[in-house]
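Undergrad: pasting a predicted model and its sequence here:
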Amino acid sequence: MGYKYGELRKYIDENKNYKIEYFSKLISDIIMLAGVSFMLKSTDNWNNESFTYFLIWYLLQTVLFELVKSIEFEIKSDGLINMISSRTSIVMIYFKRSIVWLVKAAILFAIVIFLSGNGLNGIIQFKPNLIVAIIFSLILMYGVFFLFMALTLIYERVASFTGFITTAFLIFGYKLTITQEIRKIIVGNQADMKKIVLNLILLYAVAYHFMKKARTKLQYRGF
């Protein structure tokens, strides 16, 4: 079909062939989001910090799930050959797809939160520091995104570990240096911007290293 219809059209067409998988993931996401919304509402802990952390985690796990599933499918169906031979780089192709996945996840997140009766109810205050924190979080998310792209291209069977890794990040991710500094931004404290930048540089350097290994493996396989 090519890419002239855009990644949104491609995403819709792909899901027509995987209706059961798509709707099972959609239903499980709705149940999870509704449950977390109810929990945060009942514990009276729905604030800028918890909202931002859970939002970024949900976007991350959704995008990683779609990414790994898509790459593994392309490898099995030999669709990767067409992607690599196209004028657009594979990184740019999946970056465009990730935007579609992000928009879909963000819309679902907003709908479930509001329909749960919780809404934001004036609790979430969209201040400049919250916007800055979300921007840094998205940059962090894309660093992990490119790293997982490289690992999937190298090892091919990464899907079974994705759920474990994202769950571990939800539970223990707040202990990471970069998430602690982003948390300071959210709550309005002074964050060490040097630590944030250095951690992001390190993450992207690791992702770039594995991307080079992925490119070497693809060349070895004749792609």
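TA: Ah, there it is.

Undergrad: C-alpha only now, for contacts and for neighbours.
TA: Noted.

Undergrad: all the helices of the protein, residue numbers only.
TA: All helices of the chain, identified by DSSP state H, fall at 6-16, 19-42, 48-76, 79-85, 90-115, 128-155, 159-172, 177-187, 193-220.

Undergrad: I'd like the ones you listed as CSV, with mean pLDDT appended.
TA: Compiled in CSV, those are given as follows (pLDDT from 0 to 100):
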stretch, mean pLDDT
helix 6-16, 61
helix 19-42, 71
helix 48-76, 78
helix 79-85, 70
helix 90-115, 81
helix 128-155, 86
helix 159-172, 78
helix 177-187, 86
helix 193-220, 90
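
Undergrad: in CSV: the ones you listed, plus mean neighbour count.
TA: Putting these into CSV (neighbours: other Cα atoms under 10 Å) gives the following:
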stretch, mean neighbour count
helix 6-16, 13
helix 19-42, 14
helix 48-76, 19
helix 79-85, 14
helix 90-115, 16
helix 128-155, 19
helix 159-172, 13
helix 177-187, 20
helix 193-220, 15
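
Undergrad: I178 contacts L202, doesn't it?
TA: No. Applying Cα atoms under 8 Å, one finds I178 not in contact with L202, separated by 11.1 Å.

Undergrad: phi first, then psi, for A191.
TA: When read as degrees, to the nearest 10, the backbone of A191 gives phi -100, psi 150.

Undergrad: contacts only, for it.
TA: Contacts for A191 (Cα atoms under 8 Å, 6 or more residues apart in numbering) come out as 181-182, 184-185.

Undergrad: next one: it from L200, what distance?
TA: 15 Å (Cα to Cα, to the nearest Å).

Undergrad: same check, this time on F95
TA: Relative to L200, and taking Cα to Cα, F95 is found at 18 Å.

Undergrad: excluding chain neighbours, what is closest to the residue nearest to the spatial centre of the chain?
TA: Centroid-nearest residue in the chain: L60, 2.5 Å away (criterion: Cα atoms, centre = their mean). Closest residue in space to L60, ignoring its immediate chain neighbours: M141 at 6.0 Å, by Cα to Cα, 6 or more residues apart in numbering.

Undergrad: my guess is the one you found contacts Q61. True?
TA: No. Counting by Cα under 8 Å, M141 does not reach Q61; the two are 9.5 Å apart.

Undergrad: what sits against L67?
TA: 94, 98, 145, 149 are the contacts of L67 under Cα under 8 Å, 6+ apart.

Undergrad: and these, which two are the farthest apart?
TA: S98 and M149 (11.2 Å; Cα to Cα).

Undergrad: show me the contacts for the closest residue to L203 other than its chain neighbours.
TA: Distances taken as Cα to Cα, 6+ apart put G143 closest to L203, at 6.0 Å, once the chain neighbours are dropped. Counting by Cα under 8 Å, 6+ apart, G143 touches 200, 203-204, 207.

Undergrad: what's the closest of those residues to V68?
TA: Of those, the one sitting nearest to V68 (Cα to Cα) turns out to be A207, at 15.1 Å.

Undergrad: and the closest one, how far is that from A110?
TA: A207 is 30 Å from A110, by Cα to Cα.

Undergrad: again, but for I75
TA: Distance of I75 to A110, given as Cα to Cα: 33 Å.
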